[in-house]
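J.: give the three-dimensional model of this entry:
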Amino acid sequence: MQDMSKYTKEDLWVWKTLFTRQQSNIPGKASRAYIQALEHMSPVLNADEIPDFKKINAWFQTKTQWELQVVPGLIPVQDFFQLLAERKFSSSTWLRSKDSLDYLEEPDMFHDIYGHVPLLSNPVFSEFVHEFGKLGCQFLDDSEKLLQLQRLYWFTIEFGVIKEQGKVQSYGAGILSSYGETNQIHEQKANFLDYSIEAIVQKVFRTDIMQEDYYVISSFEVLFESLKELSEVWNERLTEV
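T.: From the prediction side, this is the model:
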């Protein structure tokens with residue numbers, strides 16, 4: 001469980017510094033859907049207070065019914081898929097220190113909450129994440145398909161970009177919770193490839209560097225439909241065996 005009494009003045013300073021800095025950085029760089037979602041959530045997600053999971057969960061009950069699930073850190077892949085299938089998004093409750101504002105080896109609460117949570121209120125994106133979890137649960141005994149889904153997660157939910165009015169904007173949490181990566185996308189310092197779920201599930205990625213390749217979608221509907229098509233193909237093959 002999250003214990004709000006354990007957060008310190010330094011924690012609040014870190015949260016407010018990161019939130020305020022990125023909030024002023026993302027206009028014109030983040031997708032409109034993300035910015036709208038962040039504004040919509042402002043009563044329970046803002047710079048002035050540490051996120052209270054109980055308040056956020058109550059807010060989601062009247063929206064897309066997602067719920068935050070406290071986890072100690074990285075969890076087994078199987079558990080992660082199961083939680084998503086139940087509309088539960090796993091999040092840490094710890095925050096990085098003052099001297100680690102721009103680099104972490106594993107996700108903290110700023111990454112999980114600021115980066116991931118707002119778009120869970122978007123109906124189409126929310127369903128994509130939910131169906132992603134359900135698909136993973138179908139293939140928990142298939143290590144190759146789980147690896148392919150991890151790649152899909154990486155290049156969409158974590159490091160996804162979308163073209164809006166002819167301009168590449170970010171929607172992935174790994175980008176939007178990173179000041180440097182947000183600006184790298186904006187400055188076009190990377191390779192921007194046409195979105196292809198077939199290519200993504202075969203694409204090897206690295207976690208220790210800024211990304212060099214990004215896959216550009218035209219809408220969240222395209223993302224959702226591509227997952228449905230992948231699910232149909234995999235399930236057809238399953239019935240043929």
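J.: now do the helix ranked longest in the chain: distance to the chain's middle.
T.: For the chain, the helix that runs over the most residues, judged by DSSP state H, is helix 220-240. The chain centroid and the centroid of helix 220-240 are separated by 21 Å under Cα atoms, centre = their mean, to the nearest Å.
J.: in that helix, what counts as buried?
T.: Within helix 220-240, the residues that count as buried by 16 or more other Cβ atoms under 10 Å are 220, 223-224, 226-227, 230-231, 234. No exception for glycine: its C-beta is placed from N, CA and C like everyone else's.
J.: could you do stretch 1-20 as well?
T.: Going by neighbour count (16+ other Cβ under 10 Å), the buried part of stretch 1-20 is 2, 7, 11, 14-15, 18-19.
J.: for the longest helix of the chain, packing partners?
T.: The contact analysis (3 or more Cβ pairs under 8 Å, 6 or more residues apart in numbering; DSSP states H and E) places helix 220-240 against helix 123-138, helix 197-200.
J.: mean confidence for it?
T.: Here helix 220-240 scores 89 as its mean pLDDT.
J.: quick check: angle from it to helix 123-138?
T.: Using axes from the mean of the first three to the mean of the last three Cα atoms, to 10 degrees, one finds that helix 220-240 and helix 123-138 are set 20 degrees apart in direction.
J.: got a list of contacts for helix 220-240?
T.: If you take Cβ atoms under 8 Å, 6 or more residues apart in numbering as the criterion, helix 220-240 is touched by 33, 122, 124-125, 127-128, 131-132, 135, 138-139, 145, 152, 156, 160, 162, 195, 197, 201, 217.
J.: and these, which are buried?
T.: Buried among those by 16+ other Cβ under 10 Å: 33, 122, 125, 127-128, 131-132, 135, 139, 145, 152, 156, 160, 162, 195, 197, 201, 217.
J.: hang on, the earlier thing: with distance to S177 as added columns, please give the buried residues of helix 220-240 in JSON lines.
T.: Formatted as JSON lines, the buried residues of helix 220-240 follow (distance: Cβ to Cβ, whole Å):
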{"residue": "F220", "distance to S177": "19"}
{"residue": "L223", "distance to S177": "19"}
{"residue": "F224", "distance to S177": "23"}
{"residue": "S226", "distance to S177": "24"}
{"residue": "L227", "distance to S177": "23"}
{"residue": "L230", "distance to S177": "27"}
{"residue": "S231", "distance to S177": "28"}
{"residue": "W234", "distance to S177": "31"}
